[in-house]
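*Asks:* Sharing a model that was predicted from the sequence below.
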Amino acid sequence: MTLGTLIVIIAALAFMLTLVVGFLYKKHKSWLMTFLQNFTGVLFVVSGYVKAIDPLGTAYKMEQYFAELQSTLEPTAMSFLAPVFPFLSEYSESFSVFMIILEIVVGTMLILGHRSKLTSWIFLIIVAFFTFLTGFTYLTGYVPDGVNFFSFGQWGDYNELQMKVTDCGCFGDFLKLEPKISFIKDLVLLLPALYFVFRHNDMHELFSEKTRRISLLILTLLLLIYCFRNFYWNIPHADFRPFKEGVSIRDQKALEEEAEANIQIISYTLKNKLTGKFVELPFDQYLKEYKSYPKTDWDIVDQKRTEPAIPKTKISDFIIYDLEDSDATEPILNEESAFFMFVCHEVSYENSRMEMVEQIDSILEIDTLIDEAGDTSFHERYVVQTEEVETVVYEWDPSYVQRFTDVINPLVEEAAKSGVNSIAVFGGADQKMLESLKRAANLKFRMYTADDILLKTIVRSNPGVVLLRDGRILQKWHYKRVPDFAEIKDEYLQ
């Protein structure tokens, strides 16, 4: 699915709705207004619905925005606004659900023509908000590393690698849009938004006001339940991410890495450090003339490359480390027997503090003895000693520990009886932290670490349960919806 295809489908639906409103209900006052109401309304409903399937995805995207806005504003005169963003990030899930429901409800209000003046202003505010976010995302491509966004005089040439947020999340994981395309889309939407504000009296109205109000109230309630079902009670029922059920992580990763290795450089763009002059050289010409462009005078600012035969996804970033920081990816993906992988993108504790604790250690001492004849002999012995060392003590969130003791540990025990092993992969945790959690939750499986964003992409649950065999995902579950092992065995392990 591309944006162009989606726009065509939405325009076709809007055209049919416009004909129904105009000829069947005879409610239109302006054909243009009715079409724009239906087009923008359907667009908002579709955009909101694909995000409602995965509210956590939108929450994670908002956390990215909040973090970047905070770091951008802190060194400026607007630093007083910076503390707002950590607060918003703390409630990103609630904010996500609110924005998703608001988008769908406003889209429905446009289609129904409910309270035209209020709807017009809300639509304008939402579009302006989205335009700000997508504009900020796109324009950061002009801001070199180490330069603040508001230092306009230090902006350089556009480089997509400099962008802090790589996509806007406008359509969730259903459709990835380049920030520039998203920004242009929102700028275009400002036109009907302003048109609605100034000509809201021309909007059509369907059904009675009471019917519209009751319908919107029921819709809001159903959307609230639906959003919570897709992240709080269960994982999304539709998976737009690369780690879908049935996908072979091992095979897909190998294909993507091969495609990446086969990419060819078409040309280099160089910039003279003194004059600011740009030169674009074909690859072969650069290899012949690179000595004429010494690094003391020239920087390579861009390179054009061929597109990979297979687009790169987050599967390329699937790398797992053991607690000694050694790469354990290959043995995990090559495990021929089925096993459970518990995915924990974040560990949750209430408090941590530094304490002095006694540590028992043994040291080797060597005694040198010289007898009467002058011969030397050595005697080794271990001496046990106790010393105080400073360590971190974690007070774990009881509800988080309970997820393991009540759900994960029983599953591990039952699986072990049938010879099915289990491992867990944690994000944002070090060895001492995991050892503390292991004691607190009585965990009895191997523990690994990985990038937290990768783990968030694999499964929308903390912890999430993934059943793997030979590098292939057999099934995924939210920790609140894990079946009994006997049921899992009958359905997936026969």
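*Replies:* Arrived safely, thanks for sending.

*Asks:* avg pLDDT for the longest helix along the chain?
*Replies:* Of all segments of type helix in the chain, defined using DSSP state H, the longest is helix 116-139. This predicted structure assigns helix 116-139 an average pLDDT of 93.

*Asks:* elements contacting it?
*Replies:* Contact partners of helix 116-139 among helices and strands, from 3 or more CB pairs under 8 Å, 6 or more residues apart in numbering; DSSP states H and E: helix 55-73, helix 92-112, helix 179-198. All C-beta atoms are positioned from the backbone trio N, CA, C, and that covers glycine.

*Asks:* give the contact list for the closest residue to R250 other than its chain neighbours.
*Replies:* Nearest in space to R250, with sequence neighbours left out and distances taken as CB to CB, 6 or more residues apart in numbering, is G471 at 2.9 Å. Contacts for G471 were tallied using CB atoms under 8 Å, 6 or more residues apart in numbering; they are 248-251, 333-335.

*Asks:* Identify those among those residues that sit within helices.
*Replies:* Secondary structure from DSSP H places 249-251, 333 of these in helices.

*Asks:* among those residues, which ones are buried?
*Replies:* Buried members of those, counted by 16 or more other CB atoms under 10 Å: 249-250, 333.

*Asks:* Widest-spaced pair of the ones in helices among the contacts of G471?
*Replies:* In terms of CB to CB, the ones in helices among the contacts of G471 reach their longest pairwise distance at D251 and L333, which sit 9.2 Å apart.

*Asks:* so how far is V20 from S94?
*Replies:* S94 is 36 Å from V20, where distance means CB to CB, to the nearest Å.

*Asks:* again, but for Y286
*Replies:* Separation of Y286 from V20 (CB to CB): 60 Å.

*Asks:* what's the answer for Q154, then?
*Replies:* Q154 sits at a distance of 54 Å from V20 (criterion: CB to CB).

*Asks:* rewinding a little: what's the closest of the buried ones among the ones in helices among the contacts of G471 to L467?
*Replies:* When those are ranked by distance to L467 (CB to CB), I249 comes first, at 12.6 Å.

*Asks:* if I pick that closest one, what's in contact with it?
*Replies:* Taking CB under 8 Å, 6+ apart as the contact definition, I249 lies against 243, 315, 318, 333, 468, 471-473.

*Asks:* at 7 Å instead, please
*Replies:* Applying CB atoms under 7 Å, 6 or more residues apart in numbering to I249 gives the contacts 315, 318, 333, 471, 473.

*Asks:* Correct me if wrong: the first one contacts K253.
*Replies:* Yes: here I315 reaches K253: they are 5.2 Å apart, a contact under CB atoms under 7 Å.

*Asks:* about what we covered before: out of Y286 and V20, which sits in the more crowded spot?
*Replies:* For the pair Y286 and V20, the greater number of neighbours falls to Y286 (19 against 15), based on other CB atoms under 10 Å.

*Asks:* element containing the more buried one, please.
*Replies:* helix 283-289 (DSSP states H and E).

*Asks:* mind listing what's buried in that helix?
*Replies:* Buried positions in helix 283-289, judged by neighbour count with 16+ other CB under 10 Å: Y286.

*Asks:* Can you name every helix or strand that the following helix or strand past it contacts?
*Replies:* As assigned by DSSP H and E, the chain's next helix or strand after helix 283-289 is strand 298-305. On a contact count with 3 or more CB pairs under 7 Å, 6 or more residues apart in numbering; DSSP states H and E, strand 298-305 meets strand 265-272.

*Asks:* partners of the strand it packs on in the sheet?
*Replies:* Strand 265-272 has its sheet partners listed here by DSSP bridges as strand 278-282 (antiparallel), strand 298-305 (antiparallel).

*Asks:* Let me see the mean pLDDT of the first one.
*Replies:* Mean pLDDT, strand 278-282: 87.

*Asks:* residues making contact with that strand?
*Replies:* When contacts are taken as CB under 7 Å, 6+ apart, the neighbours of strand 278-282 outside the stretch itself are 267-271, 289.

*Asks:* Now which of these would you call buried?
*Replies:* Buried subset of the contacts of strand 278-282 (neighbour count, 16+ other CB under 10 Å): 268-271.

*Asks:* Among those residues, show me the least confident.
*Replies:* For the buried ones among the contacts of strand 278-282, the minimum pLDDT belongs to K271; the value there is 84.

*Asks:* Roughly how far does that residue sit from I315?
*Replies:* With the distance defined as CB to CB, K271 ends up 34 Å from I315.

*Asks:* What is the burial count for the spatially closest residue to A424 that is not a sequence neighbour?
*Replies:* Ranked by CB to CB, 6+ apart and with sequence neighbours excluded, the top spatial neighbour of A424 is F342, at 4.1 Å. Under the neighbour criterion other CB under 10 Å, F342 is assigned a count of 26.

*Asks:* got it, and the one 3 residues further on?
*Replies:* The burial count assigned to H345 is 24, neighbours taken as other CB under 10 Å.

*Asks:* Now for it: which residues touch it?
*Replies:* H345 makes contact with 427, 452, 455-456, 462, according to CB under 7 Å, 6+ apart.

*Asks:* Alpha carbons of the longest helix of the chain, as PDB, please.
*Replies:* Below are the C-alpha coordinates for helix 116-139, written out as PDB (Å, rounded to 0.1, in the frame of the first residue of the first chain):
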ATOM      1  CA  SER A 116     -20.200  22.300  12.100                       C
ATOM      2  CA  LYS A 117     -18.500  25.300  13.700                       C
ATOM      3  CA  LEU A 118     -17.000  23.400  16.600                       C
ATOM      4  CA  THR A 119     -16.000  20.500  14.400                       C
ATOM      5  CA  SER A 120     -14.300  22.900  12.000                       C
ATOM      6  CA  TRP A 121     -12.200  24.500  14.700                       C
ATOM      7  CA  ILE A 122     -11.200  21.100  16.200                       C
ATOM      8  CA  PHE A 123     -10.200  19.800  12.800                       C
ATOM      9  CA  LEU A 124      -8.100  22.900  12.200                       C
ATOM     10  CA  ILE A 125      -6.400  22.600  15.600                       C
ATOM     11  CA  ILE A 126      -5.600  18.900  15.000                       C
ATOM     12  CA  VAL A 127      -4.200  19.500  11.500                       C
ATOM     13  CA  ALA A 128      -2.100  22.400  12.800                       C
ATOM     14  CA  PHE A 129      -0.800  20.200  15.600                       C
ATOM     15  CA  PHE A 130       0.100  17.400  13.100                       C
ATOM     16  CA  THR A 131       1.700  20.000  10.800                       C
ATOM     17  CA  PHE A 132       3.900  21.200  13.600                       C
ATOM     18  CA  LEU A 133       5.100  17.700  14.400                       C
ATOM     19  CA  THR A 134       5.700  16.600  10.800                       C
ATOM     20  CA  GLY A 135       7.300  19.900  10.000                       C
ATOM     21  CA  PHE A 136       9.600  19.600  13.000                       C
ATOM     22  CA  THR A 137      10.500  16.100  12.000                       C
ATOM     23  CA  TYR A 138      11.300  17.000   8.400                       C
ATOM     24  CA  LEU A 139      13.200  20.200   9.100                       C
END
